[in-house]
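[1] Sequence first, then the predicted structure:
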Amino acid sequence: MSGDDLFKMSAPVPGNFDAENADNLEDIEKQFAVKAVQHLETYWAILKKVKGSALRLTKMDDAIIEHLNTDFPDFDPSAPIDENEMKNKAGKERWRKFMTAYEKKIDDYNFGTMLRTSPKVEYDQDTTIFVPRMQFYAVEIARNRAGLNDWIYEKEQSGKKK
């Protein structure tokens with residue numbers, strides 16, 4: 001299993017899809033929520049089987065981490081994410097500029113995805129925020145490169161030995 005499995009979880013959202021004028025918006029929102037949960041479950045399952053430090057989430061991981069380090073030089077992947085800082089007006093603008101560089105390069109770059117607020121915790125209602133997929137990729141690639149998600153694999157492996 002690899003990071004490419006994340007791409008296989010859902011078909012790309014059609015380019016002509018207009019959520020504002022779609023029929024039965026509530027059902028569509030539920031479908032998007034289901035896709036986001038499937039994505040997090042798949043990612044967590046992968047982290048249980050492969051050390052994050054050995055995982056590639058996209059074919060562009062090297063470019064994404066380099067871009068993140070350039071645009072967000074103070075970003076600390078071990079620090080908890082401050083959702084208000086990320087989503088306030090200045091934070092949104094900064095991230096929007098970062099993410100639009102991947103509009104034609106990463107499928108569903110702005111599709112909603114669940115992100116843990118800290119690399120030290122599991123997905124949970126109080127430790128998870130909803131972000132565009134490029135934010136997920138940038139943060140999780142940085143965490144994986146720093147070895148911050150390796151504990152998930154190690155915990156899973158030690159549990160199997162008992």
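    Nice, thanks for sending it over. What you see is a predicted model; the values in this text were computed from it and never measured.

[2] what's the closest non-adjacent residue to the spatially most central residue of the chain?
    In the chain, the residue lying closest to the centroid (Cα atoms, centre = their mean) is residue 136, at 2.3 Å. Of all residues not flanking residue 136 in the chain, residue 113 sits nearest, at 4.3 Å (Cβ to Cβ, 6 or more residues apart in numbering). Where C-beta positions appear, they are placed from N, C-alpha and C, glycine not excepted.

[3] sorry, back to before: name the element the residue nearest to the centre of the chain belongs to?
    helix 133-145 (DSSP states H and E).

[4] From the contact counts, what lies against that helix?
    Contact here means 3 or more Cβ pairs under 8 Å, 6 or more residues apart in numbering; DSSP states H and E; on that basis helix 133-145 packs against helix 61-71, helix 89-100, strand 112-116.

[5] give me that answer again for 6 Å
    Applying 3 or more Cβ pairs under 6 Å, 6 or more residues apart in numbering; DSSP states H and E, one finds that helix 133-145 contacts helix 61-71, strand 112-116.

[6] now, of the ones you listed, which is deepest in the fold?
    With neighbours defined as mean count of other Cβ atoms under 10 Å, these peak in mean count at strand 112-116, which reaches a mean of 21.

[7] Which residues does stretch 121-129 contact?
    Here stretch 121-129 makes contact (Cβ atoms under 6 Å, 6 or more residues apart in numbering) with 40, 83, 114, 115, 116, 117.

[8] please redo it, this time with the cut-off set to 8 Å
    40, 44, 81, 83, 86, 114, 115, 116, 117, 118, 152 (Cβ atoms under 8 Å, 6 or more residues apart in numbering).
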